[in-house]
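Participant: Below: sequence and its predicted model.
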Amino acid sequence: MMSVFTREKSFADPWVGHAGLNRLGLHRHRIALARAMLGLRRALRETFSGGARGAVAQMLDTDGVAVLPNFLAEEVFARTQGEARQLMVNADRLEPRQTGSRPGFQTKINRPFGFDRHDGGTLNRFIPIDPIDTPACYGATDDSRLSEAALAITGGPWRPGKWWVYETLQAGDAAPKDPQTDLHRDTFFPDLKCWLFLEDVGEEDGPFAYVVGSHMATPARLAWEQGEANRLIAGPAGHARGGSLRCDADGLEQMGLPAPTHFPVAANTLVIANTFGFHKRTVGKEGALRLALYGHLRPAPFGL
């Protein structure tokens, strides 16, 4: 039963996915309790820090997503970009990039430089950063705006260096479907993801898309969440039963939410998202590459 009070999101878990408890509203109550704990964490830290809420926090509070162009100083960005590009060149020499041939989420493949993972046809390549081997990339992750975002979304501190150099290679429409191109939310509580894009991302490159305002736990959202939980618990096993819920246009209409906004961006733009909100990777042209620094922060939802 203790799994109910952890970050466990899978409805395959016997307690999280307990049919009787969910008929009584377990899933929506977990969301509400996680929100209450977030508010308490944030209030405590803001009280002790004594700081006013900045522009990044205000954007995240209102929209669930913040876009910060020209994030790094020009010379700092040039060093970061050059270091990341060289890492990917070296990785490609060791293991040439290959798109996927099977549908669905595939198992992580460990590489000498990090790991690869295929989402349908899309290749995701991750290379970890550290202060010794990648000082420029590591230095770019230590920024007060990231600390502000972490406090706003999770109620806790940012941890510099919890980043990867991250490249995607898209396979195009003809390849096995990339499940990340379905509109979804990651888990049942506020969760931070961010991408510092190191090269321009146009519509043809498969930009990030987000449903602005969908990070809020409104009554309509809670009702939709519980309805989806009950439906999945009663239905056959599948990826969404793992707790990363998918949403279609009818679901957005039911919750009173707008269509997703696409975010094509210039190089040196940081995108921060609360991924309790609905988001996706849009479909790009065959061979499209996206290079970024990627950070992720998912704390325990019920802790202080």
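Facilitator: Now that the structure is in, tell me what you want to look at.
Participant: Find the residue closest to residue 118 in space, skipping its chain neighbours.
Facilitator: Closest residue in space to residue 118, ignoring its immediate chain neighbours: residue 100 at 3.3 Å, by CB to CB, 6 or more residues apart in numbering. (C-beta placed from N, C-alpha, C; glycine too.)
Participant: Give me the neighbour count for that neighbour.
Facilitator: Close neighbours of residue 100, defined as other CB atoms under 10 Å, add up to 22.
Participant: Please identify the helix or strand for it.
Facilitator: Here residue 100, judged by DSSP states H and E, is contained in no helix and no strand.
Participant: Does it touch residue 117 like I think?
Facilitator: No: with contact defined as CB atoms under 8 Å, residue 100 does not count as touching residue 117 (9.1 Å).
Participant: which residues do these two both contact?
Facilitator: Common neighbours of residue 100 and residue 117, using CB atoms under 8 Å, 6 or more residues apart in numbering, are 106, 123.
Participant: Name the surrounding residues that touch the host helix or strand of residue 39.
Facilitator: Following DSSP H and E, one finds residue 39 within helix 26-49. Helix 26-49 is touched from outside by 4, 16, 18, 53, 151-152, 154-157, 188-190, 217, 222-223, 225-226, 229-230, 301-304, with contacts defined as CB under 8 Å, 6+ apart.
Participant: pLDDT (mean, whole number) over that helix?
Facilitator: Taken as a whole, helix 26-49 has a mean pLDDT of 92.
Participant: So which bits of it are buried?
Facilitator: 26-28, 30-31, 34-35, 37-38, 41-42, 45-46 (16 or more other CB atoms under 10 Å).
Participant: What does the pLDDT read for residue 161?
Facilitator: 73.
Participant: ok, it to residue 180 distance?
Facilitator: Going from residue 161 to residue 180 by CB to CB, to the nearest Å gives 25 Å.
Participant: Return the residues in contact with the closest residue to residue 281 other than its chain neighbours.
Facilitator: Nearest non-adjacent residue to residue 281, counting by CB to CB, 6+ apart: residue 180, 4.4 Å away. Contacts for residue 180 (CB under 8 Å, 6+ apart) come out as 119, 122, 280, 281.
Participant: give me phi/psi at the spatially closest residue to residue 71 that is not a sequence neighbour?
Facilitator: Counting by CB to CB, 6+ apart, residue 71 lies nearest to residue 270, which is 4.1 Å off, once chain neighbours are set aside. Residue 270 adopts backbone torsions of phi -100, psi 130, taken as degrees, to the nearest 10.
Participant: Then residue 271?
Facilitator: According to degrees, to the nearest 10, residue 271 has phi -110, psi 120.
Participant: now the end-to-end length of stretch 163-176.
Facilitator: One end of stretch 163-176 to the other measures 28 Å (CA to CA, to the nearest Å).
Participant: What are the buried residues along it?
Facilitator: Buried residues in stretch 163-176, counted by 16+ other CB under 10 Å: 163, 164, 165, 166, 167, 168, 169, 170, 171, 172, 175, 176.
Participant: picking that back up, with just CA atoms, put the helix holding residue 39 into PDB.
Facilitator: Extracted in PDB, the C-alpha atoms of helix 26-49 (Å, rounded to 0.1, in the frame of the first residue of the first chain):
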ATOM      1  CA  LEU A  26      -7.800   7.400  -5.400                       C
ATOM      2  CA  HIS A  27      -6.100   8.800  -8.500                       C
ATOM      3  CA  ARG A  28      -7.500  12.300  -8.200                       C
ATOM      4  CA  HIS A  29      -6.800  12.400  -4.500                       C
ATOM      5  CA  ARG A  30      -3.200  11.500  -5.100                       C
ATOM      6  CA  ILE A  31      -3.000  14.400  -7.500                       C
ATOM      7  CA  ALA A  32      -4.600  16.800  -5.000                       C
ATOM      8  CA  LEU A  33      -2.300  15.600  -2.200                       C
ATOM      9  CA  ALA A  34       0.800  16.000  -4.300                       C
ATOM     10  CA  ARG A  35      -0.300  19.600  -5.200                       C
ATOM     11  CA  ALA A  36      -0.800  20.400  -1.500                       C
ATOM     12  CA  MET A  37       2.700  19.100  -0.600                       C
ATOM     13  CA  LEU A  38       4.100  21.100  -3.500                       C
ATOM     14  CA  GLY A  39       2.500  24.200  -2.200                       C
ATOM     15  CA  LEU A  40       3.900  23.600   1.300                       C
ATOM     16  CA  ARG A  41       7.400  22.900   0.000                       C
ATOM     17  CA  ARG A  42       7.300  26.100  -2.100                       C
ATOM     18  CA  ALA A  43       5.900  28.200   0.700                       C
ATOM     19  CA  LEU A  44       8.600  27.100   3.100                       C
ATOM     20  CA  ARG A  45      11.500  27.700   0.700                       C
ATOM     21  CA  GLU A  46      10.100  31.100  -0.400                       C
ATOM     22  CA  THR A  47       9.700  32.200   3.200                       C
ATOM     23  CA  PHE A  48      13.200  31.300   4.100                       C
ATOM     24  CA  SER A  49      14.800  32.700   0.900                       C
END
